[in-house]
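> From the sequence below, what's the structure:
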Amino acid sequence: MRGLSFRRKNTEESVQLDTLLRQAQAGDDEARNRLIEAYSPFVLRIASQAARRYIERGRDDEYSVALLAMNEAIDRYDPDRKVNFLGFAETIIRRRLIDHFRAQRTQSKAVPWTEFDVVDDEDNVTNYVEVQSSIAVHQQSEEQAERRQEIEEYAERLREFGLSLMELVELSPKHADARRNAIEVARVVADDEALRRFVFEKQALPLKALEAKVGVSRKTMERQRKYILAVVVLLCGDFRSLQSFITE
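Numbering: from 1, shown residues only. Model (predicted):
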């Protein structure tokens with residue numbers, strides 16, 4: 001099977017991807033292997049971008065981690081959410097690679113700092129405090145990069161609903177109680193498969209169904225509609241860093 005284009009798929013390739021994905025999720029190991037093999041260049045590209053260096057198939061641990069993440073994405077993908085599979089898979093791969101990099105840092109911190117001492121030709125020794133500082137700066141940089149990536153992906157999902165990040169500043173309820181109620185409505189939607197499917201198919205709130213489930217008036221939900229939808233999108237996506245900002 002020839003490799004499928006992950007940049008500009010034509011209709012035939014898109015159908016082929018969907019077919020293999022359904023078969024793989026139904027337990028067809030051959031279809032799963034064909035899908036993973038076809039998109040190995042896609043997996044390599046994401047791994048290389050995340051590692052900020054060229055990753056070789058079969059040699060670098062990052063490729064193995066990315067491959068396992070691709071497999072995880074196949075299992076976790078929910079077609080009812082109307083989210084692009086490759087975008088979803090890319091998010092999972094990046095998250096697992098970030099976890100891998102963090103685990104490596106944790107292991108390195110278990111090594112005595114004296115192991116980091118380096119003596120140059122003039123008998124100068126690198127101070128371990130500088131090394132520790134460098135690791136901390138690198139970790140902060142990676143966390144910031146992860147958050148930027150999530151923001152970009154979240155903004156893309158919002159555009160599918162005709163929303164933007166700039167709008168959310170104005171749409172957010174000013175009072176804490178109103179904000180908590182709106183978030184609770186969003187949680188109810190995110191936790192209910194039927195309500196969630198309605199939102200992602202219609203890009204709208206199932207107001208009638210929600211009236212029977214939440215203690216918020218229909219008028220209030222209509223007024224907070226865009227904000228609630230934005231929170232639903234956030235809760236249903238793989239946006240761990242951004243989700244931490246949601247408080248009840």
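> CA only for contacts and neighbour counts going forward, please
Noted.
> Assumed Ile55 was part of a strand.
No: following the definition DSSP: H, G, I helix; E, B strand; the rest coil, Ile55 is coil and is not counted among the residues of a strand.
> What is the burial count for the residue lying closest to His100 once chain neighbours are set aside?
Nearest non-adjacent residue to His100, counting by Cα to Cα, 6 or more residues apart in numbering: Val65, 7.6 Å away. Applying other Cα atoms under 10 Å, we find 19 residues neighbouring Val65.
> Moving C-terminal from the helix or strand where Ala155 lies, which element do we reach first?
Following DSSP states H and E, one finds Ala155 within helix 128-159. Helices and strands here follow DSSP H and E; after helix 128-159, the next one along the chain is helix 165-171.
> re the thing from before, assumed the residue nearest to His100 was part of a strand.
No: read with three-state DSSP, Val65 is helix and lies in no strand.
> Tell me the pLDDT of it.
According to the predicted model, the pLDDT of Val65 comes to 89.
> can you pull the contacts of it?
Under the criterion of Cα atoms under 8 Å, 6 or more residues apart in numbering, the contact partners of Val65 comprise Ile93, Arg96, Leu97, His100.
> 10 Å instead?
Residues touching Val65, when contacts are defined by Cα atoms under 10 Å, 6 or more residues apart in numbering, comprise Val43, Ala47, Asn71, Ile93, Arg94, Arg96, Leu97, Asp99, His100.
> Relative to Gln25, which of these is nearest.
The shortest gap between Gln25 and any of the contacts of Val65 belongs to Asn71, at 10.2 Å (Cα to Cα).
> How many neighbouring residues does the closest one have?
Per other Cα under 10 Å, the neighbour tally for Asn71 reads 19.
> Let's verify it: helix, strand, or coil?
In terms of secondary structure, Asn71 is helix; the call rests on three-state DSSP.
> mind checking how far it is from Ala89?
Here Asn71 is placed at a distance of 9 Å from Ala89 (Cα to Cα, to the nearest Å).
> Can you tell me the number of residues neighbouring Met166?
Around Met166 sit 9 other residues, with neighbours defined as other Cα under 10 Å.
> contacting residues for it?
When contacts are counted by Cα under 10 Å, 6+ apart, Met166 touches Ala155.
> how far is stretch 37-52 from where the chain is centred?
Between the centre of stretch 37-52 and the centre of its chain there are 16 Å (Cα atoms, centre = their mean, to the nearest Å).
> List the buried residues in that stretch.
Neighbour-count burial for stretch 37-52 flags 37-48, 50-51 (criterion: 16 or more other Cα atoms under 10 Å).
> next one: stretch 49-67
With burial defined by 16+ other Cα under 10 Å, the residues of stretch 49-67 counted as buried are Ala50, Ala51, Ile55, Glu62, Tyr63, Ser64, Val65, Ala66, Leu67.
> State the distance from the first one to Leu205.
Distance, Ala50 to Leu205, using Cα to Cα: 36 Å.
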